[in-house]
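Asker: what would the 3D arrangement of this be:
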Amino acid sequence: MNFLQSQLFLDVQLAAIFDDSKTFSDAIAKQSWQAACEHYLQVRPLDKQQLTEFVAQHFTLESTDIALESSQSHNAKTYIAQLWPKLHRPADEVKSSSLLPLKHSYIVPGGRFQEIYYWDSYFTSLGLQDINDLDSIEAMLFNFIDLQARNGCIPNGNRLYYSSRSQPPVMALMVDLLWQAKYCQKADFKWLARCVEALEEEYAFWMIGSDLLSKQTPALRRIAQMECGARLNRYWDDVARPRPESLREDLEDAAVLPESQRARYYQHIRAACESGWDFSSRWLADSHSLISICTTDIIPVDLNCLLYNLENLLGRYCKVLNYNEKQHQYERLAALRLEAINRYLYDEKVGFYVDYNYGKACQSPVLSLASVVPLFVKCASDQQAQQVKTKLMTDFLKAGGLVTTLNETAQQWDSPNGWAPLHWFAVKGLQHYHFDDDAKIIMTRWLNTIESGFSKDGCLLEKYDVCNVNNRAGGGEYTVQQGFGWTNGVTSRFYQLLNK
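Answerer: Here you go, the predicted model:
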C-alpha cells in the first residue's frame, strides 16, 4: 500500500505532531503499514493527543543522534576522523518504512538525514579517500548503480518519497575518482565497462524525451530545445503533489494560490529539490517569495556543466574501451553542449556564468556560485575563467568563505550562507586554471570558519554563515544539522591540500 498517501499519514502530518514533517515520513511501523492504517480507519477521528499516542503505539522513530562527544576530539580535524564510523551504515534489512533498502554499506550526512544522498556522497568521498577508504566509496557507487536499475534513476536519497527525482549527476565524478585511484593502474577494463553502462543509463535518464522535441513541443521532462535548436537540460519531477516529507509546509504555502496553480507549484518545488539547492533565489521570480518559484523554467548552468562532464568522461572511457562509435558520439554531444553553454549561460557583460530563464527567453539576473562549475569541469576559456575568478574574489568572498549568492533572502542557498560542496567546486575550478593563490585564500577562510564553529559547537555543521562567522547559519525549512557528511569531506580535503 502507499502509506505516504494514506489517511493516517495525512492526518498525522496536518496535526503537526512532530516539528519536522520528515520525522513521521521516516517512521518504522512496528507491525506493518497496512496494519497501522487499517487500525486507524477503525478508530478515527482522534484528537492530537490521541493521535500522538496512536503513533507511539504503532511506530518507532529513526534515531538522529550522533554518539560522539566533542570532548573526545581536540580539534575539527580529529573530529572528522572520529565521525566517519558514526555516519557509516551497514547494508539495509527490509523494514516497514519509507527506506529503499541498499545492498551495500553507505555513509549518511547526519542529523535528520539518516539515508544516503546522491550528490552529497561525492563530496563525502573526498574525505573517505583522504583516509584511504576506497571500499566505502565503491560501496556507495554500487548502491547508486543498483538503485538506478531498480528505480529508473538515482533518487535524491534512498527513500520512497524521493524516488521520482534525482540530484545533480555526480556519479561520473565518483567513477573517475575510483578509476584514477584504483582501477586504472590495474587496467581493470571489466570494472570500467560496468561503470560506463551505468553512466550511459544515467545519461539516458536525463535525456528522456529528446527525440520528441519540436517547435510544437520545445520542452519535455528534463530537456529543452533552445531557440537555435540546441538541447540543454533542466531540473524536473514528474509528480505534481506536495512532498510527503514536507507535506504540511507545502499545503500551507500553496493555499494562497488558486487551486489551478497548485500542482505546478508542487512540481517547481520538487524540481528545486532535485537541484540540491532547496531553496534559492535562483529558482524564484521574486527572490523574497517562495510562492514565485519557477524552477522548471530555468536552464541551470551547473546541471549542464555536470552533464557536459558526463559526456566528456563517457567519450574518454569509450576510447579506453575501444568503443569507437560511442566515443565519437559522446565527443560530439559534449562539443554541442559546450557551444550551447557559451551561447546561453555566459553573460558577456558581467563576465560570469548564469542560469537561463527558458520561460522568458533571457538570462537570469541572479549571480550564484553555480558559476564555478564550468571551471570545475574545465569548459571555461582562460578569459572566462579570469573573469569568473575576479568576480568571485571581489563580490563572493567574505570573511568566512564564499557566499552562495549575492542575494540575501530567507532561503538557505542564498546569502549569508556558505556551503562546503560549492567551496570544493570553486577551489578545484580555480586550481584548474592556475589561480592557486586565490584557491588558498578561500580554503584558509573556510577552515577558519570551521575551526571557529568547532570551538563553540564541538561539531561540524551542514552550512555556515560566511558573512558573520559568529552567527549560526539559518534559513530554509529546518534547523541547521549536525554531522555533516559533505562538510567533513570537503574540509578534510582542504586540510590535506594546505598540508595542515
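Asker: just give the closest residue to Lys360, not the sequence neighbours.
Answerer: Excluding its sequence neighbours, the residue lying closest to Lys360 (C-beta to C-beta, 6 or more residues apart in numbering) is Asp297, at 7.4 Å. C-beta: built from backbone N, CA, C; applies to glycine.
Asker: that neighbour: what's it in contact with?
Answerer: 234, 357-360 (C-beta atoms under 8 Å, 6 or more residues apart in numbering).
Asker: just those: which are in strands?
Answerer: Among those, DSSP state E puts Asn357 in strands.
Asker: what about Leu87, how many neighbours?
Answerer: Neighbour count for Leu87, taken as other C-beta atoms under 10 Å: 20.
Asker: helices of the stretch 351-500 of the chain, start to end?
Answerer: Secondary structure of the stretch 351-500 of the chain, counting by DSSP state H, counting those that start in this stretch: helices at 373-376, 382-391, 420-432, 436-457, 485-497.
Asker: can you say which of these is nearest to Ser136?
Answerer: Nearest to Ser136, of all the helices of the stretch 351-500 of the chain, is helix 485-497, at 11.3 Å by C-beta to C-beta.
Asker: just how off-centre is the closest one within its chain?
Answerer: 17 Å (C-alpha atoms, centre = their mean, to the nearest Å).
Asker: may I see the buried residues of that helix?
Answerer: 485-495 (16 or more other C-beta atoms under 10 Å).
Asker: re the thing from before, got the helices of the stretch 351-500 of the chain as CSV, with mean pLDDT columns?
Answerer: As requested, these are exported to CSV (pLDDT from 0 to 100):
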stretch, mean pLDDT
helix 373-376, 98
helix 382-391, 98
helix 420-432, 98
helix 436-457, 96
helix 485-497, 98
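Asker: how near is Asn322 to Glu200?
Answerer: For Asn322, the distance to Glu200 equals 16 Å [C-beta to C-beta, to the nearest Å].
Asker: the two: who's more crowded?
Answerer: Remark: of Asn322 and Glu200, Glu200 carries more neighbours, 16 against 9, as counted by other C-beta under 10 Å.
Asker: which residues touch that one?
Answerer: Leu314.
Asker: what helix or strand is it located in?
Answerer: Element membership for Glu200 (DSSP states H and E) is helix 189-206.
Asker: for that helix, buried residues please.
Answerer: Neighbour counts over helix 189-206 (16+ other C-beta under 10 Å) mark 191-192, 195-196, 198-203, 205-206 as buried.
Asker: can you give me how far that helix is from the chain middle?
Answerer: With C-alpha atoms, centre = their mean, you get 20 Å for helix 189-206.
Asker: can I get the CA coordinates of that helix in CSV?
Answerer: Extracted in CSV, the C-alpha atoms of helix 189-206 (Å, rounded to 0.1, in the frame of the first residue of the first chain):
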residue,chain,number,x,y,z
PHE,A,189,38.5,-2.7,-18.0
LYS,A,190,35.7,-5.0,-16.9
TRP,A,191,35.1,-2.7,-13.9
LEU,A,192,35.2,0.3,-16.2
ALA,A,193,32.8,-1.3,-18.7
ARG,A,194,30.3,-1.9,-15.9
CYS,A,195,30.5,1.7,-14.8
VAL,A,196,30.2,3.0,-18.3
GLU,A,197,27.0,1.1,-18.8
ALA,A,198,25.6,2.7,-15.6
LEU,A,199,26.7,6.2,-16.7
GLU,A,200,25.0,5.7,-20.0
GLU,A,201,21.9,4.7,-18.3
GLU,A,202,22.0,7.9,-16.2
TYR,A,203,22.7,10.0,-19.2
ALA,A,204,19.6,8.4,-21.0
PHE,A,205,17.5,9.3,-17.9
TRP,A,206,18.4,13.0,-18.2
